[in-house]
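Visitor: Just to be clear, the model below is a prediction. Sequence and coordinates:
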Amino acid sequence: MSESATGDMGGATGGTPRETPGADRARPALEHGGAEPDRVVTDPDRVTGAAGRATAGTGDGTRAVRAGLPEAVKHEPTLPGPVFAAHFHLPGDPTGPYTYGRDENPTWTLLERAVGELEAPGQDDVETLVFASGMAAISAVLFSQLRSGDVCVLPDDGYQALPLARAQLEAYGIEVRTAPTGGDAQLDVLDGAKLLWIESPSNPGLDVCDIRRLADAAHEQGALVAVDNTLATPLGQRPLALGADFAVASGTKQLTGHGDVLLGYVAGRDAGAMAAVRRWRKIVGAIPGPMEAWLAHRSIATLQMRVDRQNATALAVAETLRARPEVTGLRYPGLPEDPSHKIAAQQMRRFGCVVSFTLPSRERADRFLDALRLVDDATSFGGVRSTAERRGRWGGDAVPEGFIRLSVGAEDPQDLVADLLRALDASAA
């Protein structure tokens with residue numbers, strides 16, 4: 001049974017998620033320093049954070065609001081602004097974290113601690129690294145951990161850029177095997193693998209696999225396990241607690257939630273593996289700008305409010321759509337009848353903001369999208385403004401021509417449901 005079923009993840013079936021007592025101490029935050037403003041961002045030893053910590057047993061909202069905040073210092077902001085610096089004062093030997101802007105930045109430090117506090121509350125041994133995009137984070141894990149002759153297992157129904165990564169891996173002499181997410185099918189091709197890549201829920205099909213079962217099987221064979229946690233967010237699922245070695249995500253999506261930041265991150269517990277990920281980031285320069293990092297950290301404060309609103313509305317949307325005769329293939333892990341619901345309820349604390357379904361034809365789908373007034377026809381997902389698109393237009397997903405991926409935003413539920421129903425009616429003509 002997954003950890004959630006024994007209490008740590010509970011509450012996924014519709015009530016308020018339960019928290020495990022003592023499991024949610026926030027990680028130390030960066031102390032802001034003394035009264036000299038230009039010393040604030042460069043002192044490597046200013047690490048404490050007692051004033052900025054969420055205490056043991058605090059809820060997700062409190063944790064999100066306090067995540068990564070520095071020690072409170074009189075007359076200084078609660079969340080320091082972005083640090084724009086290519087280099088730092090560095091007399092003598094080049095020691096300490098802040099030497100050159102491609103290696104470290106104080107704004108990243110605060111954001112990395114914030115994400116770490118959400119992915120692994122109370123676990124100071126977890127390191128988080130931020131990247132310029134989700135694909136930068138994905139690539140960092142794949143190409144830092146694999147060598148020519150290794151075997152990697154990917155999902156065949158995951159993010160549409162994974163085939164690009166597969167082609168590059170194979171060009172480097174790495175064998176890549178694929179299998180669907182649903183039914184834990186990746187177990188069938190795991191033999192001899194060095195790295196198992198899981199995407200659960202999968203994008204865009206929303207299948208779910210038993211992460212702990214797959215992680216245990218992979219570890220028995222000596223393989224590493226990475227989980228793409230983009231769709232769930234750390235408030236919906238904690239891969240490291242389910243046995244993964246890496247939690248990876250695109251922060252572009254619901255983590256930041258405003259559609260104005262490209263960002264990715266990797267969190268992991270193994271110091272050697274994370275050192276290799278860090279080295280890859282330095283080599284390829286896949287670093288976020290300080291402004292993007294600051295915007296992301298600011299946005300995390302509202303994560304719990306956004307996630308709860310969006311998830312509740314997504315369930316209402318799914319319940320509405322299942323009554324429509326023209327809608328087939330409806331998927332949302334929060335629906336009790338969804339094929340993924342049983343496993344999702346065991347390992348997820350929230351079910352996400354994405355609903356997928358299929359309309360009878362490409363033409364019907366296009367008319368439906370055109371008729372929407374409160375939903376933008378755009379790619380990506382997780383933002384406060386609802387978006388939808390016909391995924392087949394990209395050509396990379398094995399979905400029907402009428403397949404719609406709907407990302408539910410923060411609009412009033414009754415307004416969004418009414419808009420969807422009106423568009424369905426209008427597109428029938």
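Guide: Thanks, I have it.

Visitor: residue ranges for the helices of the stretch 301-429 of the chain, please.
Guide: 303-321, 341-347, 362-371, 413-427 (DSSP state H, counting those that start in this stretch).

Visitor: so which of these is the most packed in?
Guide: helix 341-347 (a mean of 23; mean count of other Cβ atoms under 10 Å). Where you see a C-beta, it was placed from the backbone N, CA and C, and this is true even at glycine.

Visitor: That one - what's its average pLDDT?
Guide: Averaging pLDDT along helix 341-347 yields 98.

Visitor: and what of stretch 156-172?
Guide: The model assigns stretch 156-172 a mean pLDDT of 95.

Visitor: Counting neighbours, which bits of that stretch end up buried?
Guide: 156-160, 162, 165-166, 169 (16 or more other Cβ atoms under 10 Å).

Visitor: Contacts for it, please.
Guide: Residues from elsewhere that reach stretch 156-172, judged by Cβ atoms under 8 Å, 6 or more residues apart in numbering: 135, 138-139, 142-143, 146, 148, 152, 154-155, 176, 178-182, 197, 199, 202-203, 205, 207, 228, 230, 394, 396-398.

Visitor: chain center to that stretch, what's the gap?
Guide: Averaging C-alpha positions (Cα atoms, centre = their mean, to the nearest Å) puts stretch 156-172 19 Å from its chain's average.

Visitor: got it, and stretch 121-128?
Guide: Centre to centre, stretch against its chain (Cα atoms, centre = their mean), the figure for stretch 121-128 is 16 Å.

Visitor: Okay, buried residues for it please.
Guide: 121-123, 126-128.

Visitor: returning to what we had before: could the buried residues of stretch 156-172 go into TSV alongside distance to residue 63 and secondary structure?
Guide: Listed next are the buried residues of stretch 156-172 as TSV, based on distance: Cβ to Cβ, whole Å; DSSP: H, G, I helix; E, B strand; the rest coil:
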residue	distance to residue 63	secondary structure
156	35	coil
157	32	coil
158	28	coil
159	27	coil
160	32	coil
162	31	helix
165	32	helix
166	36	helix
169	36	helix
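
Visitor: out of those, what pair is the most spread apart?
Guide: Using Cβ to Cβ, the buried residues of stretch 156-172 span at most 17.8 Å, a distance reached by 157 and 169.

Visitor: ok, back up a step: return the member of the buried residues of stretch 156-172 nearest to residue 259.
Guide: Distance to residue 259, by Cβ to Cβ, is smallest for residue 159 among the buried residues of stretch 156-172, at 17.6 Å.

Visitor: Distance of that closest one relative to residue 70?
Guide: Distance from residue 159 to residue 70, counting by Cβ to Cβ, to the nearest Å: 34 Å.

Visitor: Then residue 305?
Guide: Following Cβ to Cβ, the distance that separates residue 305 from residue 70 is 23 Å.
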